[in-house]
Each structure stands twice: as structure tokens, then as C-alpha cells.
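# dropping a prediction and its sequence here:
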Amino acid sequence: MRKFLLAAALIGAATSVAAAQQLDLGGIGKADGATVGYIIQMFGLLTVLSVAPGLLIMVTSFTRFVIAFSILRAGIGLQSTPANLILISLSLFMTFYVMAPTFDQAWNTGVKPLMDNQISQTEAFEKISDPFRTFMLHNVRDKDFDLFADLARERGQVVAKETVDLRILVPAFMISEIRRGFEIGFLIVLPFLVIDLIVATITMAMGMMMLPPTVVSLPFKILFFVLIDGWNLLVGSLVRSFT
């Protein structure tokens, strides 16, 4: 009985402490401006983290890499080799390699001073976005930039290339990267297409009508790509296209 009373007393004490530590949800409506601002910042941070993969694709070199690798796989005739995970991982690490100076500058001038409370959030956003703006301006096509700049001017916006809004620069940069990815993909597919045509001509001349030419050409395309050290040439060319 004594143990039961002792246990009941301990449970009651713990319950009273937990009740005392409960969050007063009714006080949120009476929160001051600083608390409301902190809550808005937290929601903003969660939103940015949720769209971080999209931001990585939009403002970096990832788009060009993944398009070139996808067209390479289709040109060889392999449906799932290399796997999507391998191609995306290789594209990501190549993106980190190419974007390393941009990432370092954004960290040193924007993120680190913000974490050390040396600059405000507004100033940090400008310092973080400036390296990416410079990178995109260096790689965007003039024709694509002029397209979105003219559309913005039709809406009454003033556009200056040095201080252009990211809402104008990012889509222009993306369509430029997609175009360059397809241009590189065409050059990649062309030799494989020649091999397919040669194999199809030989099989047709030999009367092998029921044998798909792609079945015969696949080993030759793989052998050709290996003999020319294709991965080294392709990756090197893609990286050098940003320097």
C-alpha cells in the first residue's frame, strides 16, 4: 500500500510538472511582432528547404549535365543502364565541381556573415544571390535573355542586365541550358546513328529481315564508346563548356 501511494504521488507530481510546462496555444494570438516574425521566418525556411532540389536545378549547371547523359543513354540504346540514380548522382557531383567557386563565394559573403549576425537577412539574400546571378549572366544566351527582358518591359518593368531580377534571369538561363543540352546531345547521338545505319544496311543486304538492327548494333555502339574513352571525353567537354 505504501508503494502504491508513493507511486501515485510521483505520478501526480510528474503530471503537475508536465501541465506547468504545456504550451499556451491561446497566447499565440496575442504574440508580439517579434514572435510572429520568427514564425514567418520558420515557415519561409521550411518552404525554401522543400524547394531546394528545384532551386539546384534552376540556377546551376545540373540541367545541361543530366540532359546530355540522358540523351547518351538513349543514343546507345540502353533503357536502364546506367541507372537513373547513377546519372543523377554523377550530374550532382559534376554540378558541385563546376559550381564550387560560386558556392564558396555565396557562403563566405552571405551565409557565414548571416550566421555570425554580422549582416541582416535582406543583405544576406543579396550577397548569396549575386554569385549565382553572375554565373547565370555569364552562361545565358543573349537571345533568351532579351526574350524575357522584352516581356518584362511590356509589363512596364525596367530591366538592367547588371541588376536584373531573378524572376527574369532564371527562366532565361533555364531555356539556354536546355538548348545547349540538346545541342550537345545531338553531337553525342550522331555517331551512334551512323553505326545503326551501317548495321541496318548490312543486315538488310544479308536478307536478315526478322533480326532487329538495334540488337546487332548495340554491342558495337558500346564497344565504340569504350574504345574512344567516351565518359572521359564527354565529362571533360561538359565541364569545360562552363569555363
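Sure thing, it's come through.

# ok, Val194 to Phe224 distance?
Remark: distance between Val194 and Phe224 (Cβ to Cβ, to the nearest Å) = 10 Å. Every C-beta, even on glycine, is put in place using the N, C-alpha and C of the backbone.

# the more surrounded of those two?
Set Val194 next to Phe224 and count neighbours by other Cβ atoms under 10 Å: Phe224 wins out with 16 against 12.

# so what pLDDT did the more buried one get?
You'll see Phe224 listed with a pLDDT of 86.

# then Phe69?
Looking at Phe69, its pLDDT reads 90.

# before we move on, what about Arg179?
We have a pLDDT of 91 for Arg179.

# what's near enough to touch it?
For Arg179, the contacting residues are Arg141, Asp144, by Cβ atoms under 8 Å, 6 or more residues apart in numbering.

# secondary structure class for it?
Put simply, Arg179 is helix when judged by DSSP: H, G, I helix; E, B strand; the rest coil.

# may I ask which helix or strand of this protein has the lowest mean pLDDT?
Scoring the helices and strands of the chain by mean pLDDT, DSSP states H and E places helix 2-20 at the bottom, with a mean of 40.

# now for the residue positioned nearest the centre of the chain: which residues touch it?
The structure's the chain has its C-alpha centroid closest to Ile57; by Cα atoms, centre = their mean the separation is 2.4 Å. Neighbouring residues of Ile57 by Cβ under 8 Å, 6+ apart: Thr63.

# run through the helices of the chain in chain order.
Chain-ordered helices for the chain, with DSSP state H as the definition, fall at 2-20, 33-50, 52-59, 62-76, 84-98, 100-106, 112-115, 121-139, 142-154, 166-205, 213-227, 230-240.

# ranking those helices by burial, who's on top?
A comparison of the helices of the chain by mean neighbour count, using mean count of other Cβ atoms under 10 Å, puts helix 62-76 on top with a mean of 21.

# please name every helix or strand in contact with it.
Contacts defined by 3 or more Cβ pairs under 8 Å, 6 or more residues apart in numbering; DSSP states H and E place helix 62-76 against helix 84-98, helix 166-205, helix 213-227, helix 230-240.

# reformat those helices as JSON lines; add distance to Lys127.
As requested, the helices and strands packed on helix 62-76 are arranged in JSON lines below (distance: least, Cβ to Cβ, whole Å):
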{"stretch": "helix 84-98", "distance to Lys127": "20"}
{"stretch": "helix 166-205", "distance to Lys127": "14"}
{"stretch": "helix 213-227", "distance to Lys127": "44"}
{"stretch": "helix 230-240", "distance to Lys127": "27"}
